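A.B. asks: let's see this in three dimensions:
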Amino acid sequence: MMNVVFIPYYDSNPYQKLLIKSLSKKGVLVSTISLAGYYPFSLILKVLCHWKPQILHVHWLHPFLLSDSWVKAFVKSVFFISELVMVKLLGIKIVWTVHNVLSHDSRFMRMELFFTKIFSRFCS
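C.D. replies: Predicted coordinates for the structure are as follows:
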């Protein structure tokens with residue numbers, strides 16, 4: 001059986017619910033990680049706690065890249081990319097559903113684009 005983790009998961013998002021339902025019908029075990037309590041390196045801990053899935057399915061990047069200041073956004077982005085390196089070293093594939101290439105609320109568009117390009121290279 002294939003194990004997939006969705007991040008971030010929003011309970012109010014109908015697209016994610018439909019995708020989970022469809023994957024479940026195909027025998028895929030899907031778990032979700034919401035952003036409640038997210039802090040640097042909690043992603044890798046949560047992934048490890050979810051039975052070392054074969055796939056990490058990322059839906060939106062903005063929670064991991066955006067902040068109210070340039071410095072905070074940069075630090076968040078570096079931590080997130082560091083976590084992805086660890087995920088890849090564990091042999092977990094990364095899939096990204098590109099809902100938005102750039103977020104609607106980006107204050108530091110060049111930096112977000114830079115880290116989005118780096119992120120895209122991690123995707124399987």
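A.B. asks: touching the longest helix belonging to the chain from outside, list them.
C.D. replies: When secondary structure is assigned using DSSP state H, the longest helix within the chain turns out to be helix 70-89. Among residues not part of helix 70-89, those counted as contacts by Cβ atoms under 8 Å, 6 or more residues apart in numbering are 40-41, 43-44, 47, 56, 64-67, 94, 107-108, 111-112, 115, 118-119, 122. Every residue, glycine included, has its C-beta placed from N, CA and C.
A.B. asks: what residue ranges in this protein score low on pLDDT?
C.D. replies: For the chain, the stretches flagged by pLDDT under 70 are 37-38, 50.
A.B. asks: show me where it has helices.
C.D. replies: Remark: helices assigned in the chain by DSSP H are 14-25, 42-49, 62-65, 70-89, 109-122.
A.B. asks: just the CA coordinates of the last one, formatted as CSV?
C.D. replies: By that I understand helix 109-122. Included here for helix 109-122 are C-alpha records, laid out as CSV according to Å, rounded to 0.1, in the frame of the first residue of the first chain:
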residue,chain,number,x,y,z
MET,A,109,8.2,38.4,-4.7
ARG,A,110,11.8,38.0,-5.9
MET,A,111,12.8,36.0,-2.8
GLU,A,112,9.6,33.9,-3.0
LEU,A,113,10.3,33.1,-6.7
PHE,A,114,13.9,32.2,-5.9
PHE,A,115,12.9,29.7,-3.2
THR,A,116,10.0,28.4,-5.3
LYS,A,117,12.5,27.6,-8.1
ILE,A,118,14.7,25.8,-5.6
PHE,A,119,11.7,23.9,-4.3
SER,A,120,10.6,22.8,-7.8
ARG,A,121,14.0,21.1,-8.3
PHE,A,122,13.2,18.8,-5.3
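A.B. asks: determine the set of other helices and strands touching that helix.
C.D. replies: Using 3 or more Cβ pairs under 8 Å, 6 or more residues apart in numbering; DSSP states H and E as the contact criterion, the neighbours of helix 109-122 among helices and strands are helix 62-65, helix 70-89, strand 93-96.
A.B. asks: most tightly surrounded among these?
C.D. replies: With neighbours defined as mean count of other Cβ atoms under 10 Å, the helices and strands packed on helix 109-122 peak in mean count at helix 62-65, which reaches a mean of 20.
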